[in-house]
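Novice: I would like to see how this sequence folds:
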Amino acid sequence: MKQLVFSVLVLLLAAGSVSAHAIWIESNATGKKGSKHAVRVYFGEFGDNERDTVAKWFSDLKELKVYLVGPDQQKVQLNTSDAVDHLLAGFVPSADGVYTVLIYHVVKDLHGAAKIEYNASATIVVGQGANQPTLNTNELSIFSATGGAAKLNVPFKLQAFYQQQPAAKQQIEVVAPGGWEKKVTGDATGTVTVVPTVAGVHMAEVMQNVKEPGEHNGKHYESIWKIATYSIAVSK
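Specialist: Residues are numbered from 1 along each chain as shown. Below is the predicted model of the structure:
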């Protein structure tokens, strides 16, 4: 069963060091009209296949909201429930087309002197439909015209967007669970081309550190980390 994983990097302070965790969405890449479609949100170590229990999620991450944008471009919030090692949501597609699942969350607690903003998305195609960048309303995002599916050893393109505009010269990092990784700087349209050499989920990530001081929940910060990830299911 083909699945997409859409992740967001979470930086934690633990025992005086920084540990890399992720929050991601798992959902089938295709759906069926009239059939319930499950959406699962995980937090843990993506590359090591580790999933933390919801009760132990960092800061206020378990309070994040999951939204759905349908083919009619209407945005609705999905209900979530605690399923021990993930948050569970779902929806029933009422029409053919592209459905986009979105997460945007500003973490309650600062990381050092930085505020952290996480963006995550998932694309589900029901019947026939063309993926469009405008279906993703997150401030920072990664777009794939193929809707998150790719073939082994076949080039595929990713495009970075910031504030609904192509993010020129944005670096995109692509990582496979087995440790293969590649960093590519996008062109003037924010587009990169990647050739996957192993099958499985490949996570693409973009990060921006905006030097913009301010106040967040009564605490001063010096910058904002804006992070977005998108994953491609690579099949043989």
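
Novice: C-alpha from now on. contacts and neighbour counts both.
Specialist: Fine.

Novice: per-residue confidence averaged over stretch 226-236?
Specialist: Averaging pLDDT along stretch 226-236 yields 84.

Novice: Can you give me the pLDDT of residue 122?
Specialist: pLDDT, residue 122: 84.

Novice: hang on, it packs against residue 24?
Specialist: No - with contact defined as C-alpha atoms under 8 Å, residue 122 does not count as touching residue 24 (9.2 Å).

Novice: Look up how far residue 193 lies from residue 206.
Specialist: Residue 206 sits at a distance of 15 Å from residue 193 (criterion: C-alpha to C-alpha, to the nearest Å).

Novice: Looking at the two, which has the bigger crowd around it?
Specialist: Per other C-alpha atoms under 10 Å, whichever of residue 206 and residue 193 has more neighbours is residue 206, with 22 against 14.

Novice: Confirm that the more buried one sits in a helix.
Specialist: No - counting by DSSP: H, G, I helix; E, B strand; the rest coil, residue 206 is not found in a helix; it is strand.

Novice: and it, what are its bridge partners?
Specialist: Applying DSSP bridges to residue 206 gives these bridge partners: residue 228.

Novice: residues touching it, list them.
Specialist: Contacts for residue 206 (C-alpha atoms under 8 Å, 6 or more residues apart in numbering) come out as 141-142, 160, 170-173, 227-229.

Novice: CA atoms of stretch 169-187 as CSV?
Specialist: This file holds the C-alpha atoms of stretch 169-187, laid out as CSV (Å, rounded to 0.1, in the frame of the first residue of the first chain):
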residue,chain,number,x,y,z
LYS,A,169,17.5,29.7,-4.6
GLN,A,170,16.0,27.9,-1.7
GLN,A,171,18.0,24.9,-0.6
ILE,A,172,16.0,21.6,-0.4
GLU,A,173,17.4,18.6,1.4
VAL,A,174,16.1,15.1,0.4
VAL,A,175,16.7,12.2,2.7
ALA,A,176,15.9,8.5,2.4
PRO,A,177,15.5,6.3,5.5
GLY,A,178,18.6,4.3,4.7
GLY,A,179,20.8,7.4,5.1
TRP,A,180,21.1,8.5,1.5
GLU,A,181,20.7,12.3,1.4
LYS,A,182,21.2,15.1,-1.0
LYS,A,183,21.1,18.9,-0.7
VAL,A,184,20.1,20.8,-3.8
THR,A,185,19.7,24.6,-4.3
GLY,A,186,16.7,25.5,-6.4
ASP,A,187,16.7,27.7,-9.4
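
Novice: Distance from the chain centre to that stretch, please.
Specialist: 15 Å (C-alpha atoms, centre = their mean, to the nearest Å).

Novice: Name the residues of it that come out as buried.
Specialist: Buried residues in stretch 169-187, counting neighbours by 16 or more other C-alpha atoms under 10 Å, are found at 169-177, 186-187.

Novice: so where's this protein shaky on pLDDT?
Specialist: 1-20, 22, 46-47 (pLDDT under 70).

Novice: continuing past the host helix or strand of residue 21, what's the next helix or strand?
Specialist: For residue 21, the element it lies in under DSSP states H and E is strand 17-28. The C-terminal neighbour of strand 17-28 among helices and strands, as given by DSSP H and E, is strand 30-31.
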